[in-house]
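Colleague: For reference, the sequence and a predicted model appear below.
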Amino acid sequence: MNIIKFEDVISWQKSKELSLYLYNLLKSCRDYGFRDQLQRASVSIMNNIAEGFERRSSKELINFLYISKGSCGEVRSMLYLALELKYINKDEYLKCNNYCLEISRLLAGFIKSLYN
C-alpha cells in the first residue's frame, strides 16, 4: 500500500480510534484534570503522526513518531491509575492498553522502515 497522506497511516487510524474510545469512555468522569490529560495524551499520538508526516522530511517524521510513542507510553501509564481509581473497569483498561501496545508496535515498524 502506498501512503500518500497521513490518514493512510495505520498507526494514525488506530490512534484516532483510541482517542474516540477514550473520549466516550471518560465523558462522565468528574476528575476533569485527569480526564483532560489522558485525552490530550491520546490526541497527541495521532497529531504528532500527522504533523511529522506533513513535514515531508524522513528525519522530522521519525522524530515526531518517537514523540507519538512517548505519548502512547503516557496513555498506558495513566490507564493504570484510571483502573486503580476505578474510573474504568478491567475490560476497558485491557482494550485501551491493547490499543496502545498495537499503536506502539506499528510506530516502531514505521520508524524502522524509514531508517531502511
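Modeller: Good, I have the coordinates.

Colleague: any weak-confidence spans in the protein?
Modeller: Residue ranges of the chain with pLDDT under 70: 1.

Colleague: Quick check, central residue of it?
Modeller: Using C-alpha atoms, centre = their mean, the residue of the chain that lies closest to the mean C-alpha position is I45, 3.8 Å off.

Colleague: so what's that one up against?
Modeller: Contact partners of I45, counting by C-beta atoms under 8 Å, 6 or more residues apart in numbering, are 11, 15, 18-19, 68, 71-72, 75, 103. All C-beta atoms are positioned from the backbone trio N, CA, C, and that covers glycine.

Colleague: of these, closest to F34?
Modeller: V75 (12.3 Å; C-beta to C-beta).

Colleague: what comes into contact with stretch 47-63?
Modeller: 5-6, 9, 11-12, 15, 64-65, 67-68, 71, 107, 111, 114-115.

Colleague: how distant is it from the center of its chain?
Modeller: In terms of C-alpha atoms, centre = their mean, to the nearest Å, the centre of stretch 47-63 is found 15 Å from the chain centre.
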